[in-house]
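In: just coords:
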């Protein structure tokens, strides 16, 4: 059983940066793929980025490529999402998810059993 807690959300102006953290307890994350997803009001949940359990595999959705960076610190049992050059359309609740899945599946929300409670990101123009 894995418990996930997101943090780092908040209100930021256009062009600003935030770093989200997904801290895990109950199990070590090194064997888990981690995904970041977001859901804006009135919209479906969408994949943002993910990182495989092995080193080197990462995925970014087209809207965030070049602006967001995902990384993991296994010693701290935490995965980060660095978000730069933020835009109003990045406003959403951001969720992290974890599971022991193939890296190539890490962008699929249905692949995950464990989810955090979400953290709000609001980008003001």
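Out: Thanks, I have it. Predicted model only: the values in this text are computed from it and were never measured. Numbers count the residues shown, from 1 in each chain.
In: Mind listing residues that contact stretch 53-69?
Out: Stretch 53-69 is contacted by residues 30-33, 46-52, 70, 81-86, 89-90, 100, 103-104, 106-107 when judged by C-beta atoms under 8 Å, 6 or more residues apart in numbering. For the C-beta atoms, the positions are set from N, CA and C on the backbone; glycine is no exception.
In: Could you tell me which of those belong to strands?
Out: 33, 46-51, 70, 81-83 (DSSP state E).
In: can the residues you listed go into CSV with extra columns for distance to residue 4?
Out: As requested, the ones in strands among the contacts of stretch 53-69 are exported to CSV (distance: C-beta to C-beta, whole Å):
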residue, distance to residue 4
33, 13
46, 18
47, 16
48, 15
49, 15
50, 14
51, 14
70, 15
81, 13
82, 18
83, 18
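In: Highest neighbour count among those residues?
Out: The residue in these with the most neighbours, by other C-beta atoms under 10 Å, is residue 50 (29 neighbours).
In: show me what contacts residue 18?
Out: Taking C-beta under 8 Å, 6+ apart, we find residue 18 in contact with 8-10, 12, 83, 86, 121.
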